[in-house]
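Colleague: sequence first, then the predicted structure:
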Amino acid sequence: IEQEALRQSGDALCCQGVEDVVLTPDTHQGFGVAVGTVAKTNGSIFPSYVGVDIACGMRTVLTPLEEKDIKQITERQRFIDQVKENVPVGHMSQAHAQFDEQMATDILHGKHRFDDVGFIERSDLQSTRKPTHDMLDRCQYQLGTMGGGNHFCEVQVVDEVDGDLSEKWGIHKGQVVLMLHSGSRRLGQDVATFYKRKLVDWFNKERIPLVNDDAAWCLTKHAPKTALADSQEAFLREYGEAYVEEMNMCSNFAVANRSLMQEQMIKALKKIFGVKPRDNKLLYDISHNIAAVENDKIIIRKGATRAFPKGHEMLKGTQWFDTGHPIILPGSMDSNSYIMVGTDDAKRTHYSINHGAGRTMSRNQAKNTIDRAKAKAAMANVPHNHDDLKEIIDETAGGYKDISQITDSVVGAGIACVVAKLRPVGVIKG
């Protein structure tokens with residue numbers, strides 16, 4: 001683990017209301033706090049620790065196709081090209097079709113999600129706060145877009161399954177699945193940046209010391225009374241509740257965003273492979289940059305994934321109570337991904353595991369050091385949406401930790417089990 005990531009974690013332990021910090025095996029230096037951080041607080045919340053891509057997360061869809069149905073690489077390339085046409089990609093991408101202001105408001109308030117995504121802490125994502133003009137604008141013009149960086153849409157094949165759970169979830173060897181990764185786009189960045197700046201300015205004005213600017217904090221309704229003056233505490237509670245509501249709006253946007261991306265991938269499946277939309281099944285959608293109320297504590301997951309096992313009290317009344325919910329762990333675009341499930345021992349990590357492999361180097365360093373010939377060979381049978389692989393070479397396995405070793409460490413620690421191992425056979429990158 002990088003020294004800077006350890007320093008960031010040490011700083012987090014010194015912050016207001018933080019009771020514990022856990023690092024996942026994909027931990028690496030991040031903005032605000034290390035990616036792969038799980039922080040448990042007594043009610044305080046840190047906008048920079050949740051991060052700028054609020055509710056960035058994963059979604060997996062099970063299709064009726066088998067590997068033999070997509071054997072031809074030319075057909076997979078046609079599918080990739082169709083998805084690229086349907087789903088705007090890149091950091092500055094905008095939606096093909098805009099939504100009116102009322103629809104955007106309903107989406108941000110969680111009243112319209114386009115599909116039934118199952119358990120996503122509905123009560124925690126409620127919001128009645130009136131969206132600002134800028135929030136509505138972001139929602140209207142970026143909904144259904146992928147973004148850039150490590151966001152993706154992938155076609156994958158199930159290589160291995162383990163135990164009865166895969167059958168219960170409808171997963172079998174040789175099955176074709178869709179996996180996608182995106183978040184709240186510029187909306188989340190705007191919210192995170194606004195609250196960090198407001199809070200840092202206030203702490204400086206009040207001459208209240210912070211560990212660093214990224215440690216600027218505010219208070220939720222779950223926080224106990226502090227030693228601050230009443231007027232100071234009132235300010236922090238006001239901003240804390242406002243931040244939580246806007247974080248929830250970003251989360252609702254992110255879920256709806258992935259829903260629309262899924263819809264466009266399914267349309268491409270129908271056009272290229274003749275698959276009827278109703279024959280596809282959403283397995284799960286899960287975020288990995290979010291704060292949630294769990295057992296009257298705030299659990300902040302920055303680049304970490306929730307891992308509730310079977311019988312967990314927060315799964316009561318859901319279809320996942322008897323099994324635990326799926327955990328979606330993506331690898332790089334030329335390495336395996338995994339579907340996992342948490343165990344009772346995940347309590348030690350506040351029911352959290354990693355969210356992927358974790359970078360070993362910066363994107364610029366990766367572009368300058370990864371062997372292009374080796375990366376091209378690894379991607380030989382994986383069609384993608386770029387004319388030249390060098391444009392996205394920083395997203396190949398050379399820039400990441402070994403996902404199989406990361407997964408083995410989680411299994412070895414006894415906090416999660418592998419349900420299925422997946423292999424990419426087509427990739428759309430931003």
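Modeller: Arrived safely.

Colleague: tell me the SS of residue 381?
Modeller: coil (DSSP: H, G, I helix; E, B strand; the rest coil).

Colleague: my guess is it meets residue 425, correct?
Modeller: Yes: counting by CB atoms under 8 Å, residue 381 does reach residue 425; the two are 7.1 Å apart. Every C-beta, even on glycine, is put in place using the N, C-alpha and C of the backbone.

Colleague: quick one, which of the two is more surrounded?
Modeller: When residue 381 and residue 425 are compared for neighbours, residue 425 comes out ahead with 20 against 13, by other CB atoms under 10 Å.

Colleague: quick check: which element contains the more buried one?
Modeller: Element membership for residue 425, per DSSP states H and E: strand 416-429.

Colleague: remind me what that strand packs against, helices and strands.
Modeller: Strand 416-429 sits against helix 73-86, strand 152-161, helix 165-169, strand 175-182, strand 337-342, helix 403-412, with contacts defined as 3 or more CB pairs under 8 Å, 6 or more residues apart in numbering; DSSP states H and E.

Colleague: turn the ones you listed into CSV, including mean pLDDT and distance to residue 279.
Modeller: Conversion of the helices and strands packed on strand 416-429 to CSV gives the following (pLDDT from 0 to 100; distance: least, CB to CB, whole Å):
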stretch, mean pLDDT, distance to residue 279
helix 73-86, 95, 16
strand 152-161, 96, 16
helix 165-169, 96, 16
strand 175-182, 97, 12
strand 337-342, 98, 20
helix 403-412, 96, 30
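
Colleague: between the ones you listed, which gets nearest to residue 285?
Modeller: For the helices and strands packed on strand 416-429, proximity to residue 285 was assessed by CB to CB; strand 175-182 is nearest, at 9.4 Å.

Colleague: just the CA coordinates for the closest one, please, in PDB.
Modeller: What follows is strand 175-182, C-alpha atoms only, in PDB (Å, rounded to 0.1, in the frame of the first residue of the first chain):
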ATOM      1  CA  GLN A 175     -23.800 -17.400 -19.900                       C
ATOM      2  CA  VAL A 176     -23.500 -14.000 -21.500                       C
ATOM      3  CA  VAL A 177     -23.900 -11.100 -19.100                       C
ATOM      4  CA  LEU A 178     -23.800  -7.300 -19.300                       C
ATOM      5  CA  MET A 179     -21.800  -5.300 -16.800                       C
ATOM      6  CA  LEU A 180     -21.700  -1.500 -16.600                       C
ATOM      7  CA  HIS A 181     -20.000   1.100 -14.400                       C
ATOM      8  CA  SER A 182     -21.000   4.800 -14.100                       C
END
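
Colleague: that strand pairs with which strands, parallel or anti?
Modeller: Strand 175-182 sits in its sheet next to strand 57-66 (antiparallel), strand 152-161 (antiparallel), going by DSSP bridges.

Colleague: got a list of contacts for the last one?
Modeller: Outside strand 152-161, the residues within contact range by CB atoms under 8 Å, 6 or more residues apart in numbering are 67, 70, 76, 79-80, 83, 87, 146, 167, 171-181, 261, 265, 330, 333, 336-337, 395, 418-430.

Colleague: could you check the pLDDT of the residue lying closest to residue 6 once chain neighbours are set aside?
Modeller: Leaving aside its sequence neighbours, residue 6 sits nearest to residue 34 (CB to CB, 6 or more residues apart in numbering; 7.8 Å). You'll see residue 34 listed with a pLDDT of 93.

Colleague: correct me if wrong: residue 34 contacts residue 23.
Modeller: Yes: counting by CB under 8 Å, residue 23 is a contact partner of residue 34 at 6.7 Å.

Colleague: out of these two, which sits in the busier spot?
Modeller: Using other CB under 10 Å as the criterion, residue 34 and residue 23 rank with residue 34 on top: 28 against 21.

Colleague: got the contact list for the more buried one?
Modeller: With contact taken as CB under 8 Å, 6+ apart, residue 34 is in contact with 4-6, 8-9, 23, 27-28, 302-303.

Colleague: and the residues you listed, which is closest to residue 369?
Modeller: residue 28 (16.1 Å).

Colleague: any idea which residue is closest to the centre of this structure?
Modeller: Centroid-nearest residue in the chain, with CA atoms, centre = their mean: residue 57, separated by 2.0 Å.

Colleague: picking that back up, let's have the strands paired with strand 175-182 in JSON lines, adding distance to residue 193.
Modeller: Below are the strands paired with strand 175-182 laid out as JSON lines (distance: least, CB to CB, whole Å):
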{"stretch": "strand 57-66", "distance to residue 193": "20"}
{"stretch": "strand 152-161", "distance to residue 193": "25"}
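
Colleague: between those strands, which gets nearest to residue 296?
Modeller: Comparing those by CB to CB, strand 57-66 comes nearest, at 24.2 Å.

Colleague: between strand 337-342 and the closest one, find me the angle.
Modeller: Computed by axes from the mean of the first three to the mean of the last three CA atoms, to 10 degrees, the angle separating strand 57-66 from strand 337-342 equals 110 degrees.

Colleague: one step back: shared neighbours of residue 34 and residue 23, anything?
Modeller: 5, 9.

Colleague: pLDDT below threshold where in this protein?
Modeller: Low-confidence segments of the chain (pLDDT under 70): 112-126.

Colleague: show me the helices in it, by range?
Modeller: Here the chain has its helices, by DSSP state H, at 3-13, 47-50, 73-86, 101-108, 133-142, 165-169, 185-206, 230-273, 363-369, 372-378, 403-412.

Colleague: tell me which of these sits most buried.
Modeller: Comparing those by mean neighbour count (mean count of other CB atoms under 10 Å), helix 47-50 comes out on top with a mean of 27.

Colleague: which strands and helices sit next to it?
Modeller: By 3+ CB pairs under 8 Å, 6+ apart, helix 47-50 packs against helix 185-206, helix 230-273, strand 289-294, strand 297-302.

Colleague: coming back round to it: just the buried ones from the contacts of strand 152-161?
Modeller: Taking 16 or more other CB atoms under 10 Å as the criterion, what is buried in the contacts of strand 152-161 is 70, 76, 79-80, 83, 87, 146, 171, 175-181, 261, 265, 330, 333, 336-337, 395, 418-430.

Colleague: and residue 418, what does it touch?
Modeller: By CB under 8 Å, 6+ apart, the contact list for residue 418 reads 160, 162, 338-340, 407, 411.
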